[in-house]
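K.L.:
Take this sequence and fold it.
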Amino acid sequence: MAYLHVPYRVTGKYFPPTAAGLTSPPPKFPPSAVCFRPFEAKQLQGGYTFPAPDISGPERILRTICNSDMVIIRSCYELEKKYIDFIETEYLNYFKDDKKYLPIGFLPPRLGDEAQSRQEPWAKCVDWLDKQPIKSVTYVAFGTECRLNQAQTNAVAIGLEESGVPFLWVRRASIHGASEELPDGFLDRAQGRGLIVEEWVPQANILSHPSIGVFFSHSGTSSVIEGLTTGKRLVLLPMIIDQGLIARLVADEWRAALEIERANLEDGSFTAESVCRAIQRAVSEEDNSETWHNAKDLKARIFGDTELEKDYLRKFINCATKLVYSKS
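P.N.:
Residues are numbered from 1 along each chain as shown. Next up, the predicted model:
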């Protein structure tokens, strides 16, 4: 939000931003590892221009914020205070806007009803996971908003195969259509070591299973929060929208995850070797190595601290109540 949706991006001579402009943060942005790679900036550039009378998504967000009494942010001061402060300052400077920007915590999910969760295909996953050693399985999921193309699918599949680790890969069809084909013979070669699921399964339950050690994902906000909350080692492959920013934040700034190395930053291509290398590193490194020590610290200090979560919710309820009474 601080990188993309401050007024600088959608007002004045810098609108619409160029792809090169999106690889750099706005002026006075706090010191940060957060940035877009060239291929990510190219993907986003088109979102800033819409034919009249429509307006772009960023403009719509700016207008929504300006016409709101309060902006609730899924984050916390302990980790992102400098970004929240930057957003407040930018809107105040441009619009004399002193509304409340309120972090509400990360709101990690709670496990659902176990009786319902035991239905197919989750029961099949549980039966398979129960037979695997503790922390031995790499869970792979890329959400439903992005679709891997054939080259990306091949790289992920072959990388998993060459890593030699047990894996559970949830390959649901994306909102853009069915998934691409797996490499020839992959299912036969993976039989016994890997499980492919193409239907919905409860991700929070999967991540809470003791056999899962690594979570290989697209670095969507909810997936990263769920992974850190359950103490899994994160391997990130950002694909669309803000996922690159999230990956830089967690892997480069917090140093609590691994991001898949790209072979080409202009087109975003990556190799099976880079997938294999990251997964093997995530599986094999000691708990006291910097990355996984940091991840454990984040779980203990932020994502697993239920009292901190309750405190943010109490503050939100108090602020919302005061706002309601002030309007009545």
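K.L.:
Just say helix, strand or coil for the nearest residue to residue 134 once chain neighbours are set aside.
P.N.:
Leaving aside its sequence neighbours, residue 134 sits nearest to residue 210 (C-beta to C-beta, 6 or more residues apart in numbering; 5.0 Å). (Glycine included, C-beta is placed from N, CA and C.) Secondary structure assignment for residue 210 (DSSP: H, G, I helix; E, B strand; the rest coil): coil.
K.L.:
Tell me how many other residues crowd residue 210.
P.N.:
Using other C-beta atoms under 10 Å, residue 210 has 13 neighbouring residues.
K.L.:
distance of it from residue 298?
P.N.:
20 Å (C-beta to C-beta, to the nearest Å).
K.L.:
just residue 238 next, same as before
P.N.:
Taking C-beta to C-beta, one finds residue 238 at 19 Å from residue 298.
K.L.:
which one of those two has more residues nearby?
P.N.:
Using other C-beta under 10 Å as the criterion, residue 238 and residue 298 rank with residue 238 on top: 25 against 21.
K.L.:
Report the contact partners of residue 27.
P.N.:
By C-beta atoms under 8 Å, 6 or more residues apart in numbering, residue 27 lies in contact with residue 8.
K.L.:
Buried residues, stretch 288-302. List them.
P.N.:
Buried positions in stretch 288-302, judged by neighbour count with 16 or more other C-beta atoms under 10 Å: 291-292, 295-296, 298-299, 302.
K.L.:
quick one: residue 196 and residue 190 touch, right?
P.N.:
Yes - with contact defined as C-beta atoms under 8 Å, residue 196 counts as touching residue 190 (7.5 Å).
K.L.:
Helix or strand with the lowest mean pLDDT in the chain?
P.N.:
helix 114-117 (a mean of 49; mean pLDDT, DSSP states H and E).
K.L.:
what's downstream of that one, the next helix or strand?
P.N.:
Scanning forward in sequence from helix 114-117 by DSSP states H and E, the next helix or strand is helix 122-129.
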